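sequence and predicted structure are below.
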Amino acid sequence: MTDTTLASSTTTRANAAPVSCFIRAKNEERLIGEVIKAAFQVVDEVVVVDSGSTDKTIAISEAAGARVLNTPWLGGGKQKRLGEDACKHDWVLDLDADEIVTPELAEEIRALFANDQEPPHNVYEFKLVTKPPVGQPWWNAAVVYRNRFYDRRKIHARDHAGWDQLEIPSDWVIGKFKAPILHCSFRDLAQLNAIIALRRAPPAPPPADVAPAAPAEDAMPAAAAEDVAPAAPAEEVEAAPITPPAEAVDEQSPAMAAPTAPPEPEAPPQTEKEVDAAPAPPASDQRPQLTVVPPAKNVVPFRSALPPAPDKRPMLTPVERNAFQEIARALGARLEGATEDEAAKEPAPAADAAPARPATATAGCARR
């Protein structure tokens, strides 16, 4: 690892913070120039860790002012560790070759070092907002967060081939940037579909030269196998008599020990003619006896258990009751075939009598 005592806080670029940026790259000529230019809004140097590019990535990076390290691919964590150790400053910004620093984020980082002060936290988090090739950034979709601005004197990238994320202690407070980084993760729909298909693909099968695992029964140790006696040959084993359990024997049934009678042969199925010609069985005068089960005691009927429904009928004046009764009588007379004269002969109820539902109207409604 680089000796941190040699790290300088003096910047060589105007308006730059004492921050270094490292980028892992291979065949990234499409965006590497723009990524380096955006990073130089705030950082003092950019280190590109190239792992064998065959396009113009190295030439574009050097022309943009970056320092390039040529190394074979050693794994995600190891590549980051190489870039981190090669940086001049202790505060480092870890970027991918398709991540562009926004001007707003550059101002936030620069403000952390105002008046030659140190940032209050050891690690800072920023959000990645996907930037499609055409149109505006996806501010509310495919947003992820990364802890990739940190002080290497306090925490390091893991020197691991596969794992490339920081292991942050649980008691640390992580600073958060408000402004995002634009993530240009795909160049067209074809590449986007390829990325989605790769993430949804099932895991690859093991190589064919890998021997399958031994079954559980074959995994017995040799010492245990020696203690197991060999099985006797089949002709030397005498059949032991089978004795039924004591609780399964019925003492009152002596037929348990006697041989059972052979089953009666089943009758052949009858044809349709034989079934039609067969005499009907004699009718029996004995009807089946129905068993009447008395109701259980102290059981409250369902309806009686319910509280009575409140009388919510509106109060009617004597004039309104007479009018409704006349309508009911006329309707009942029409449904029952009565004439208007017969209906008129019926005496009108008293004014203070409760409205009663005529029987004819009830019968007519039931007929409907």
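Noted; the coordinates are in hand. All of these numbers come straight from a predicted model, not from anything done at the bench. Numbers count the residues shown, from 1 in each chain.

could you pull out the strands for the chain?
Using DSSP state E, the strands found in the chain span residues 19-25, 45-50, 67-70, 91-96, 99-101, 123-130, 144-151, 175-176, 181-183.

just for the protein, where's the confidence low?
Scanning the chain for pLDDT under 70 picks out 1-9, 187-189, 191-192, 194-196, 198-201, 203-316, 333-368.

quick one, domains of this protein?
Domains of the chain are assigned by automatic domain parsing as 4-200, 318-367.

determine which stretch of those domains is the most buried.
Of all these, domain 4-200 carries the top mean neighbour count, a mean of 17, counting by mean count of other CB atoms under 10 Å. To be clear about C-beta, it is placed using only N, CA and C from the backbone, and glycine gets the same treatment.

switch the strands of the chain over to JSON lines; also include distance to Phe113.
Converted to JSON lines, those look like this (distance: least, CB to CB, whole Å):
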{"stretch": "strand 19-25", "distance to Phe113": "8"}
{"stretch": "strand 45-50", "distance to Phe113": "15"}
{"stretch": "strand 67-70", "distance to Phe113": "21"}
{"stretch": "strand 91-96", "distance to Phe113": "8"}
{"stretch": "strand 99-101", "distance to Phe113": "15"}
{"stretch": "strand 123-130", "distance to Phe113": "12"}
{"stretch": "strand 144-151", "distance to Phe113": "12"}
{"stretch": "strand 175-176", "distance to Phe113": "13"}
{"stretch": "strand 181-183", "distance to Phe113": "19"}
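
which of those sits closest to Leu82?
strand 45-50 (5.5 Å; CB to CB).

list the strands paired with that closest one, with their directions.
Taking DSSP bridges as the criterion, strand 45-50 sits next to strand 19-25 (parallel), strand 67-70 (parallel) in its sheet.

show me where the protein has its helices.
Along the chain, the segments classed as helices by DSSP state H run 32-39, 57-63, 76-85, 103-112, 189-200, 222-227, 272-277, 302-305, 318-335, 340-345, 359-367.

for Ala38, give me its contacts.
By CB atoms under 8 Å, 6 or more residues apart in numbering, the contact set of Ala38 is Ile100, Val101, Thr102.

re earlier: looking at the strands paired with strand 45-50, which is closest to Ala161?
Closest approach to Ala161 among these (CB to CB): strand 19-25, 13.3 Å.

hmm, who's touching that closest one?
Strand 19-25 has contacts (CB under 8 Å, 6+ apart) with 32, 35-36, 39, 42-51, 53, 57, 61, 66, 76, 79-80, 83-84, 86-89, 91-97, 109, 113.

please redo it, this time with the cut-off set to 7 Å
32, 35, 39, 42-50, 53, 57, 79-80, 83-84, 86-89, 91-97, 109 (CB atoms under 7 Å, 6 or more residues apart in numbering).

could you do stretch 140-156 as well?
Contacts of stretch 140-156 (CB under 7 Å, 6+ apart): 4, 84, 90-94, 122-130, 166, 168, 174.

do you know which of the strands of the chain lies nearest Thr10?
strand 45-50 (11.6 Å).

what angle sits between the closest one and strand 91-96?
Interaxial angle of strand 45-50 relative to strand 91-96 (axes from the mean of the first three to the mean of the last three CA atoms, to 10 degrees): 40 degrees.

contact partners of strand 45-50?
So strand 45-50 is in contact with 20-26, 36, 39-40, 57-58, 61, 65-71, 79, 82-83, 86-88, going by CB under 7 Å, 6+ apart.

hang on, the earlier thing: any chance of JSON lines for the strands paired with strand 45-50, columns distance to Phe149?
What follows is the strands paired with strand 45-50, written out as JSON lines (distance: least, CB to CB, whole Å):
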{"stretch": "strand 19-25", "distance to Phe149": "8"}
{"stretch": "strand 67-70", "distance to Phe149": "20"}
